[in-house]
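In: Have a look at this prediction, sequence included:
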Amino acid sequence: MKVNKDTNLEVFQFENLLEEEGIHHAITTRQGGISEGYADSLNLGYGVEDHVKYVEENRRRLAEFMQVPFERLIFQKQTHSTHLKVITIKNYKEPISNTDALITAETGIAIAALGADCVPILLYDRKNKVIASIHSGWKGTVNGIVDKVMQELKVEFHTNPEDLVAGIGPSICAEHYEVGAEVIDAFKTNFPDHPELITRYHDNKAHVDLWLANKVWLMDHGVPEKNIEIAGLCTYKNHDTFYSARYFKNQTGRFASCIALK
């Protein structure tokens, strides 16, 4: 990834997606906004203790960076589900609920996922000009939110996985993601051929690799490994740059992973 400090917002960007002329994208940081307290400063989530007017201004700044009108910066209503919604010029004003992935083939609409440890994933079908923004926590990962998005892209948009460029964004790394028996069992059940996803067993606990697990989903659908970039930035480790729910014990804001077709 590369950090872009040339604008009012400090954002990170995937090197592979920067090579694509048809899109804008950004991973926001904590810098560049007006929020105060534990949400300081570019909090983009309404679901934390922050003034609505602060969040709206922060989102306005992101919309400006993404070169879309404020009302066309679309966020998911994340519930750790495998539900997705296709955004069109006809429905983009509709309320969104219970959705952890957005897809669009419309220009001038930015689709975003909020995060504070969960895995954000951006996808771009360079041939058919379709984009997706995915929020994948451990539940979304084991239940296959990426799988559902890939099926939708293939069936409804005729995506060839070889044309897909993917970025797996800043999120908690395996080193700092210690989990209990429920999560361990879920990974064993849903990734039976990938024991490498679970490491450092101790006292009925272990560490799981969400980055690699979501890469597995993409590659199982035929996305070439060379087309997948993993940011390699741990939100827990880099809590001064990104919000981290685990590090701050849920007293924190939300950053965004965002993509738009030019």
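Out: Looks like it came in fine.

In: CA atoms for contacts and neighbours, from now on please.
Out: OK.

In: ok, Pro195 - how many residues close by?
Out: 11 (other CA atoms under 10 Å).

In: excluding its backbone neighbours, what's nearest it?
Out: Spatial nearest neighbour of Pro195, chain neighbours left out: Lys188 (7.3 Å); criterion: CA to CA, 6 or more residues apart in numbering.

In: So what's the gap between the helix or strand where the one you found lies and the chain middle?
Out: Lys188 is part of helix 181-190 when elements are defined by DSSP states H and E. Taking CA atoms, centre = their mean, to the nearest Å, the mean C-alpha location of helix 181-190 is offset from the chain mean by 22 Å.

In: which parts of it are buried?
Out: Using 16 or more other CA atoms under 10 Å as the burial criterion, the residues of helix 181-190 that qualify are Val183, Ile184, Ala186, Phe187.

In: which element follows that helix toward the C-terminus?
Out: For helix 181-190, the succeeding helix or strand toward the C-terminus, using DSSP H and E, is strand 198-202.

In: related to what we said a few turns ago, of all the buried residues of helix 181-190, which comes closest to Tyr243?
Out: Val183 (22.6 Å; CA to CA).

In: For Ile103, the count of nearby residues, please.
Out: For Ile103, using other CA under 10 Å, the count is 24.

In: A strand includes Tyr124, no?
Out: Yes. Secondary structure of Tyr124 (DSSP: H, G, I helix; E, B strand; the rest coil): part of a strand.

In: Quick check: it touching Val130?
Out: Yes. Between Tyr124 and Val130 there is a contact under CA atoms under 8 Å: 5.9 Å.

In: Looking at these two, which one has more neighbours?
Out: Tyr124 (26 against 23).

In: dump the residue contacts of that one.
Out: Taking CA atoms under 8 Å, 6 or more residues apart in numbering, we find Tyr124 in contact with Leu17, Val130, Ile131, Ala132, Leu164, Val165, Ala166.

In: so what's it bridging to?
Out: Tyr124 has the following beta-bridge partners by DSSP bridges: Ile131, Val165.

In: longest single helix anywhere in the chain?
Out: Counting residues, the longest helix in the chain under DSSP state H turns out to be helix 52-66.

In: I'd like the mean pLDDT over it, please.
Out: In this model, helix 52-66 carries a mean pLDDT of 97.

In: Stretch 92-101 too?
Out: Mean per-residue pLDDT for stretch 92-101: 96.

In: Got the phi and psi for Ile259?
Out: When read as degrees, to the nearest 10, the backbone of Ile259 gives phi -150, psi 150.

In: still on that earlier bit, just the buried residues of helix 181-190 now: which is nearest Asp240?
Out: Using CA to CA, the buried residues of helix 181-190 come closest to Asp240 at Val183, 27.3 Å.

In: wait, the closest one sits on Gly140?
Out: No. The criterion here is CA under 8 Å, and Val183 misses it with Gly140 at 11.6 Å.

In: Spit out the residues that contact these two alike.
Out: Common contacts of Val183 and Gly140 (CA under 8 Å, 6+ apart): none found.

In: ok, how many other residues are close to Asn160?
Out: Asn160 has 17 neighbouring residues, counting by other CA under 10 Å.

In: Return the per-residue confidence for Gly47.
Out: 87.

In: need the contact list for it.
Out: Residues near Gly47 by CA under 8 Å, 6+ apart: none.

In: before we move on, the earlier item: what about the residue nearest to Pro195, distance to Trp138?
Out: Distance of Lys188 to Trp138, computed by CA to CA, to the nearest Å: 13 Å.

In: Please apply the same query to Val165.
Out: Distance, Val165 to Trp138, using CA to CA: 23 Å.
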